[in-house]
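*Asks:* sequence first, then the predicted structure, then my questions.
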Amino acid sequence: MFKTILIANRGEIACRIAATARKLGIKTIAVFSDADAQAKHVTYCDVAVRIGESPALQSYLKGDAILAVAQQYGAQAIHPGYGFLSENEGFALACTQAGLTFVGPPAAAIAAMGSKSAAKTLMAQAGVPLVPGYHGENQEIAFLRQQADALGYPVLIKASAGGGGKGMRVVESSQDFEAALASCQREARASFGDGRVLIERYLQKPRHIEIQVFADTHGNCVYVFERDCSVQRRHQKVIEEAPAPNMDPKMRRAMGEAAVAAAKAVAYVGAGTVEFIVEPDGRFYFMEMNTRLQVEHPVTEMITGLDLVEWQLRVAAGEPLPLSQEQLQFSGHAIEARIYAENTENGFLPSVGRLRHLQLPEHVAFMNGDVRVDSGVRCGDDISPFYDPMIAKLVAWGATREQALARMQQALAETQIVGVHTNVNFLSRLIADASFALADLDTGLIERRREKLLPPPTPSADHVLGCAVAAVLFEESLERACQTQYQQTTVDPWSIQDGWRLNGTYRRRFVWLDGQTPRQVDLLGRVGDQRLEIDARSHDFCWSGQRLTSGAYLLELRLGGVRRTATVQRQGERFDVFVEGMHMMLCLQDPLKQALHKEAGQTGGLTAPMPGKIIAVHVIVGQTVRQGDALLVMEAMKMEHAVIAPVDGVVKEIFYGVGEQVSEGVALIGLT
Ligand code: MV4
């Protein structure tokens, strides 16, 4: 086995690999960029070496620099994790040529699977089922149309060089074929510099089921069961689970054997994933093979009890697979939810910022073992614009799918993140969604359930407002305690601020901005006998608090006879309230500040939500726009984001043009 490995990655997967290395007594070398100088993976490894500036191209993608570090610090192997250099055949080859072991498949296997249409030809030869269609070299319009007519509509035209959903067109009838073909070829040429397409029968309600395979250098190859990753949003996986719901042993075996045939056809070694697209009747077809360990590998680990990174290292070191196909078993059900820093209310835009408060369910002792948390960040870290904005993966195991779901729900309820927008509320709704609970899974689930999963904001419940009021009162009590400690030996009756009034009821008004709506909350009475009045509803109110190390307040609240525990994190006017498993935000309105703001006059400046490149401008100076109109499109982190008019107005100025790089927060368009 290796003595030292270099981990050519960052974040949770770098930490994950380091954990297995430590278990096996292997020393680890981390590499890091400027943005990651203080990152968790850096402190997790034995040695950490800076490789460059924050952008991935200048750090985690610098294969030569990483190889040099590996040689200088005596690593025998390099684990690439996922993303970055993990599927780069040139890097795999360079490692081997430098006398280092690349923990992954041979460069030739990466290359064979990297070309999507060539891979399909190989798979057809190996007897792996493909979606009925044509993926040959003949690109004549009449010929392709004849192929489509023969398949029967709807058909799907895909860019041969494409992947990840780019360059696809659904065609409903023969009349529409030519126009769709022309448009698909144009996009394929523009995006991939290759206009070739393939034609397939279009599957209407597909599931994405993938098979984990493992091969060693002794000719053994096994399938380690399946994962269902159907719950996706714009080709980004959101929830993954194992085993796939409603998979019977016969189908599992058929898919497993097809996946092994796929791996053998390219002389595969190590961990790989064969993706299939599955029809409601159970027919399955090869889509592509990922020649790396996947983000969602923990669900396989949770149902099998295996450590897949350990298997990778053993195979890379030349050992045979630890178990044969007959010895492999699984039990129960595991579900993974990916927590992202993104704004679900604004087109799922990635959200950057500092994690001012971070509580992940790993701190909840009674759940240990059944809930796993993989995360590469700690409280105080930044979610930067440079890398994938994933904050953590929650993985819940249960004896049944229902139990795994219930535990996931609990784990999400115990997750508290302040500082960036997150998808935690969205995930909670998704896990609780009726069609998800019934395992009515296909790739259209999120879109179909959109209304339920992304409801318009509703007014906060009274107890949420109560939590925020309690946070203010608790904070004031802390300040008083502080003052008393420092200055007072005798009690000055004029400084007591407990709300006592001679012959009168104390009334104090709070105004909270709840989304767009100001909410009045009146506090009546005095300590020990208080009431809250909200929109003519009156509740008795009682609270106690304690301060957490993160600076957040842990509050016990009783409102109208119902007792609840809440966490509130305050920064300035902003109060983040976590109660009953949901995260809400309220802003304390300061009447004085409000007036000042109005006077200063709000100009309609539109700023870049994140650093990125302008790829389209839809308006011209002088144009009248309506609230909600898309004004321009930015590209950041491989995704496109429309910048939307927040109000009706006229475009006064456009500060950037197509192709320009902009930093976060800069003004893009002036509206009046
Ligand atoms: C399909 C399909 C339906 N019919 N092929 C999308 C990404 C690319 N790798 C393959 N994709 C699809 N191919 C046929 N013949 C539907 C999809 C598809 C999809 C596949 C897997 C997971 C999520 C998806 C989301 C939308 C579309």
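*Replies:* Great, that's in hand.

*Asks:* so where do the strands sit in the stretch 1-150 of the chain?
*Replies:* 4-7, 27-33, 47-52, 77-79, 101-102, 133-134 (DSSP state E, counting those that start in this stretch).

*Asks:* tell me what the first one is packed against?
*Replies:* Going back to what we said before, that points to strand 4-7. Strand 4-7 sits against helix 11-23, strand 27-33, helix 63-72, strand 77-79, with contacts defined as 3 or more C-beta pairs under 8 Å, 6 or more residues apart in numbering; DSSP states H and E. No exception for glycine: its C-beta is placed from N, CA and C like everyone else's.

*Asks:* for the ligand, which of these is the nearest?
*Replies:* helix 11-23 (21.5 Å; C-beta to the nearest ligand atom).

*Asks:* any chance you could list what contacts the closest one?
*Replies:* 5, 7, 9, 27-28, 30, 39-41, 44-45, 79, 81-82, 293, 295, 307, 309-310, 313, 374-377, 387-388, 390, 392-393 (C-beta atoms under 8 Å, 6 or more residues apart in numbering).

*Asks:* buried subset of those, written for ChimeraX?
*Replies:* Buried subset of those, written as a ChimeraX selection, criterion 16 or more other C-beta atoms under 10 Å:
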select :5,7,9,27,28,30,39,40,41,44,45,79,81,82,293,295,307,309,313,374,375,376,377,387,388,390,392,393
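
*Asks:* hang on, the earlier thing: reformat the helices and strands packed on strand 4-7 as JSON lines; add distance to the ligand and mean pLDDT.
*Replies:* Putting these into JSON lines (distance: least, C-beta to the nearest ligand atom, whole Å; pLDDT from 0 to 100) gives the following:
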{"stretch": "helix 11-23", "distance to the ligand": "22", "mean pLDDT": "98"}
{"stretch": "strand 27-33", "distance to the ligand": "30", "mean pLDDT": "98"}
{"stretch": "helix 63-72", "distance to the ligand": "26", "mean pLDDT": "98"}
{"stretch": "strand 77-79", "distance to the ligand": "26", "mean pLDDT": "98"}
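
*Asks:* comparing these, which comes out most buried?
*Replies:* Highest mean neighbour count of the helices and strands packed on strand 4-7: strand 77-79, a mean of 27 (counted as mean count of other C-beta atoms under 10 Å).

*Asks:* quickly note the distance from residue 630 to the ligand.
*Replies:* 22 Å (C-beta to the nearest ligand atom, to the nearest Å).

*Asks:* re the thing from before, let's have the helices and strands packed on strand 4-7 in JSON lines, adding distance to residue 86.
*Replies:* Shown next, in JSON lines, are the helices and strands packed on strand 4-7 (distance: least, C-beta to C-beta, whole Å):
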{"stretch": "helix 11-23", "distance to residue 86": "9"}
{"stretch": "strand 27-33", "distance to residue 86": "14"}
{"stretch": "helix 63-72", "distance to residue 86": "11"}
{"stretch": "strand 77-79", "distance to residue 86": "9"}
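
*Asks:* residue 238 is nearest to which of these?
*Replies:* Closest to residue 238 of the helices and strands packed on strand 4-7 is helix 11-23 (C-beta to C-beta; 16.3 Å).

*Asks:* end to end, how far does stretch 387-401 reach?
*Replies:* From its first residue to its last, stretch 387-401 covers 32 Å (C-alpha to C-alpha, to the nearest Å).

*Asks:* show me where pLDDT drops low in the chain?
*Replies:* By pLDDT under 70, the weakly predicted segments of the chain are 163-164, 363-368, 484-505, 527-528, 591-605.

*Asks:* buried set for whichever strand in it runs longest?
*Replies:* The residue-count maximum for a strand in the chain (DSSP state E) belongs to strand 221-233. For strand 221-233, a neighbour-count test (16+ other C-beta under 10 Å) marks 221-233 as buried.

*Asks:* which of those residues sits closest to residue 159?
*Replies:* residue 232 (19.3 Å).

*Asks:* so that closest one touches residue 206, yeah?
*Replies:* No: in this structure residue 232 lies outside contact range of residue 206 using C-beta atoms under 8 Å: 10.8 Å.

*Asks:* list residues touching both of the two?
*Replies:* Contacts common to residue 232 and residue 206, judged by C-beta under 8 Å, 6+ apart, are residue 443.

*Asks:* measure the most centrally placed residue in the chain to the ligand for me?
*Replies:* Among the residues of the chain, residue 340 comes closest to the average C-alpha position under C-alpha atoms, centre = their mean, at 3.4 Å. Per C-beta to the nearest ligand atom, residue 340 is found 17 Å from the ligand.

*Asks:* beta-bridge partners for that residue, please?
*Replies:* residue 390 (DSSP bridges).

*Asks:* how close does residue 614 get to residue 307?
*Replies:* Look at residue 614 and residue 307: by C-beta to C-beta, to the nearest Å, they are 45 Å apart.

*Asks:* typo on my end, it should be residue 389
*Replies:* Residue 389 sits at a distance of 27 Å from residue 307 (criterion: C-beta to C-beta).

*Asks:* can you check residue 59 too?
*Replies:* For residue 59 relative to residue 307 (C-beta to C-beta), the value is 28 Å.

*Asks:* same check on residue 182?
*Replies:* Relative to residue 307, residue 182 is positioned 51 Å away (C-beta to C-beta).

*Asks:* also residue 574?
*Replies:* Counting by C-beta to C-beta - residue 574 and residue 307 are separated by 42 Å.

*Asks:* check residue 255 too.
*Replies:* Taken as C-beta to C-beta, the span from residue 255 to residue 307 is 24 Å.

*Asks:* would you mind listing what in the stretch 401-550 of the chain touches the ligand?
*Replies:* When proximity is defined as C-beta under 6 Å from any ligand atom, the stretch 401-550 of the chain approaches the ligand at residue 443.

*Asks:* all helices for the stretch 401-550 of the chain, in order.
*Replies:* Taking DSSP state H, counting those that start in this stretch as the criterion, the stretch 401-550 of the chain contains helices spanning 401-413, 424-432, 434-437, 445-448, 450-453, 462-487.

*Asks:* point out the most buried one among those helices.
*Replies:* For these, the largest average neighbour count (mean count of other C-beta under 10 Å) is found in helix 424-432, namely a mean of 21.

*Asks:* list of residues touching that one?
*Replies:* So helix 424-432 is contacted by 231, 238-239, 335, 337, 339, 344, 405, 408-409, 412-413, 415, 417, 436, 446, 449, 452-455, 581-583 (C-beta under 8 Å, 6+ apart).

*Asks:* which ones among the contacts of helix 11-23 lie within helices?
*Replies:* 40, 41, 44, 309, 310, 313 (DSSP state H).

*Asks:* how much space between the closest residue to the fifth one other than its chain neighbours and residue 428?
*Replies:* Computed as C-beta to C-beta, 6 or more residues apart in numbering, the closest residue to residue 310 that is not its neighbour in sequence is residue 20, at 5.2 Å. As judged by C-beta to C-beta, residue 20 and residue 428 stand 31 Å apart.

*Asks:* now do residue 629
*Replies:* In terms of C-beta to C-beta, residue 629 sits 32 Å off from residue 428.

*Asks:* can you check residue 358 too?
*Replies:* Counting by C-beta to C-beta, the gap from residue 358 to residue 428 is 17 Å.
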